[in-house]
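Chemist: Give the three-dimensional model of this entry:
(one chain, ligands or ions: 2)
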Amino acid sequence: MSYAIKNIRNICLLGHGGNGKTSLAESILFMTGSTDRLGKVVDGTTVSDFDAEEIRRKISIADSAMFCEYGGMKINIIDTPGYFDFAGEVSQALRVADAGIIVCSAKDGLNVGAEKAWKMLNESKTPRAIFISKTDEENASYERAFNSLREKFGVSVCPMVAPIMDGDKITGLIEVASKKAYSFDAKGKRTEIPVPENMKATLDNLYNTLAEGIAETSEELMDKYFGGEDFTPEELRTALAEGLRDCSICPVFCGSAFTFLGISLLLDAVVNYFPCPHEGGKVVDESGAPAAIIYKTISDQYGKFSLFKVVSGKITNEMTLINPRTGTSEKIGHIYIMQGKKNIEVNEIACGDLGAVSKLSDSKTGDTLCSSSFNKALPGISYPAPCYSMAIAPKVKGQEDKISAGLARLAEEDLTFTYANNSETHQLIISGAGDIHLDVLCSKLKNKFGVEVVLSPARVPYREKIRSKVKVQGRRKKQSGGHGQFGDVWIEFEPQNEPEDLIFAENVFGGSVPKNFFPAVEKGLRESIQKGVLAGYPVVFLKATLVDGSYHPVDSSEMAFKTAASLAYKAGLPQANPVILEPIGYLKVTIPDSCLGDIMSDLSKRRGSPMGMSAHDGMQVVEAEVPMAEMSSYAIDLRSMTQGRGSFTFEFVRYEETPMNIQQKIIEEAKVLAEDAE
Ligand SMILES: Nc1nc2c(ncn2[C@@H]2O[C@H](COP(=O)(O)OP(=O)(O)OP(=O)(O)O)[C@@H](O)[C@H]2O)c(=O)[nH]1
Ligand SMILES: [Mg+2]
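Modeler: Numbering: from 1, shown residues only. Ligands and ions are numbered 1, 2, ... in the order given. Purely as a prediction, here's the structure:
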């Protein structure tokens, strides 16, 4: 089952959550005879949503690769999740898809998911089409949906297939370019019918809209269009194919995954107009040395599968390829084509086609696998940076290692979350795209790796510093019988501005403290500053100068001077006007104009200081400095304030003194924490 590159199509389905991508894929597979039963998302029986979490939640969470054979071609379909937390999966699919089909529902038309999909297709320069789905639903309106899309995305949005209406019932479809009308039976099989009288004017209008878009693709066609001439079928075909390829045309189809209406017209267009892999610009060389790009990794109980697209030469089993990123070689043992979770073993994957390989040792998503003569890393995949962090801990104490091991496995397939131990707050922090993302990861930890976890807000890494100068004594004396302990120091504590937590100096006259005890004094102080005197946070910006003291020829020891230094610290810092510092970050938030008011008033509630505002691509970019403590739920709050249209970055800039009322709260919280720890 090896196809020539011109007979391969790689499409990905993308768009708003719940608009019918997975169901569309399912009905394509069923209609083309690739599966013998039609699965349903609600029953958890689709080919695409096979993961336990997808079945449980009834949404797609990860990309899945499927294929069908139609019109002598192999059509690979990558179904992507619409929920925004999983946008990284869409980036992966777009790395290898030669075209994207945005799925919209006929009831809603344009929505945020479609806007985001459009933007991602633009950024990855991927040809795009739109499928208006769920035309069988009540209150569906092709016309309304189409108009909303064209209004937003412009004249490149062209009607290819539109419904034939009898009142508010759809009785068939018209293919606008050929001006042909069809009726469909219950299995989606179509029969040509005459264009109904009452549809003729509508068809003319639609044809005109399509012709307007086609005319935009070349000057010659523009002249013809304005001259009132009809395009020849060949001109139409070429213009559509070229327009799709260079993204100047976005054909719009419609139908229903439930009634199979319009599915065959969509597939015909995929076969006739959609770019084949070497036209998509994502393939290097059909007759070149073997090379493939890994666009997804599935790591589960059945093992680890790396899903790839061959972009040069072909990949056969038993090959040994190298990974230019790591420099290591990877033995290609078994290779497969994927139908959802089902892997079908094959001997080779041709150029432009999608496949999978199991058990790679050292390669991850985004990596290139190639022969030594190819030997270069192709562009990888960029992901949105994680923006939502929580502390993760086991429900049952002592299972920390299980969490780390589970997360390490999950990180093989999901590059959009990170986790790290925070040495200051002693919490394991997991960061991802949003609350659903983290919730899915927790469920997987439980179901796949047998460890139940709880999430809690990440503690803020506060600091403490002093604001005035004090001179204090620290004296350690234990001289009751046997070898005693004696150390006595006078230390001056004062604030300093260098980026160092402690600058230690000495200014001792006449050997009141012998030199060999200085390091012990410094050590005592360095240990002490780990715990501030207000709420136990590390002390920074401190200068300590040893100015005087005394010693005992027999009883003085390093240990005694270390203790004396820490006694001085404990005595001195509370008198030196200490304050809690909080981390401040730089926020850059991008939002639609209409949300500006809400965003600004929300920022002031978060104690933010606006730094600037600018317009970009029809969006507003607001910059502000905001205390980190106020930002923990921002990812989720921003989503609800902007219906998912907003995005932000937030980076630490510096520490600042915490306002008194907030400081009181931090001290109270620290007390509770310390009691809990006991
Ligand atoms: N009436 C009708 N319902 C549909 C159709 N297609 C999908 N649905 C229903 O719409 C819901 C969402 O469908 P999915 O196929 O899971 O949508 P999706 O775009 O894959 O959703 P995400 O994976 O969450 O992004 C399910 O309950 C489907 O049964 C359709 O053509 N007609
Ligand atoms: Mg889905």
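
Chemist: how about stretch 158-166: buried residues?
Modeler: 158-165 (16 or more other CB atoms under 10 Å). Any C-beta I mention is one placed from the backbone N, CA and C, and that applies to glycine too.

Chemist: Just the ones of those in strands?
Modeler: Among the buried residues of stretch 158-166, the ones falling in strands (DSSP state E) are 158-159, 161-165.

Chemist: Going by distance to S557, which of these wins?
Modeler: Distance to S557, by CB to CB, is smallest for C158 among those, at 87.3 Å.

Chemist: Near ligand 1, which residues of this protein? Just list them.
Modeler: Within the chain, the positions adjacent to ligand 1 are 17-23, 41-42, 59-60, 81-83, 103, 133-134, 136-137, 256-258 by CB under 6 Å from any ligand atom.

Chemist: These, buried ones only, as a PyMOL selection?
Modeler: Command for PyMOL that selects the buried part of these, burial taken from 16+ other CB under 10 Å:
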select buried, resi 17+18+19+20+21+22+23+41+59+60+81+82+83+103+133+134+256+257+258
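
Chemist: Mark which of the residues of the chain next to ligand 1 are part of strands, please.
Modeler: With DSSP E as the criterion, strands contain 103, 133 from among those.

Chemist: contacts with ligand 2 among the residues of the chain next to ligand 1, please.
Modeler: Contacts with ligand 2 within the residues of the chain next to ligand 1, as defined by CB under 5 Å from the ion: 21-22, 60.

Chemist: Show only the entries of these found in helices.
Modeler: Mapping these onto helices (DSSP state H) picks out 21-22.

Chemist: for the lengthiest strand in the chain, packing partners?
Modeler: Ranked by residue count, the top strand of the chain under DSSP E comes out as strand 579-592. Under the contact definition 3 or more CB pairs under 8 Å, 6 or more residues apart in numbering; DSSP states H and E, strand 579-592 sits against strand 463-465, helix 596-605, strand 619-627, helix 634-642, strand 647-657, helix 660-677.

Chemist: Of these, flag the one that's most buried.
Modeler: strand 463-465 (a mean of 23; mean count of other CB atoms under 10 Å).

Chemist: Please identify the buried residues of the helix or strand following it?
Modeler: Downstream of strand 463-465, the first helix or strand assigned by DSSP states H and E is strand 470-478. Residues 470-476 are the ones in strand 470-478 that count as buried (16+ other CB under 10 Å).

Chemist: how about the residues you listed, which pair is most distant?
Modeler: Maximum pairwise distance among the buried residues of strand 470-478 (CB to CB): 19.1 Å, between V470 and R476.

Chemist: do you know how far the residue nearest the centre of the chain is from K588?
Modeler: Note on the chain: the residue nearest the mean C-alpha position is G88, at 3.8 Å, using CA atoms, centre = their mean. From G88 across to K588, the span is 20 Å (CB to CB, to the nearest Å).

Chemist: pLDDT of the helix or strand that contains D204, averaged?
Modeler: Assignment of secondary structure by DSSP H and E places D204 within helix 200-215. Averaged across helix 200-215, pLDDT comes to 92.

Chemist: For the stretch 101-250 of the chain, which residue gets nearest to ligand 1?
Modeler: Nearest residue of the stretch 101-250 of the chain to ligand 1, counting by CB to the nearest ligand atom: K134, 3.9 Å away.

Chemist: the strands in the stretch 101-250 of the chain, which residues?
Modeler: Counting by DSSP state E, counting those that start in this stretch, the stretch 101-250 of the chain has strands at residues 128-133, 157-159, 161-166, 169-175, 180-184, 190-193, 250-254.

Chemist: Distance from the fifth one to the middle of the chain?
Modeler: Per CA atoms, centre = their mean, to the nearest Å, the displacement of strand 180-184 from the mean C-alpha position of its chain is 42 Å.
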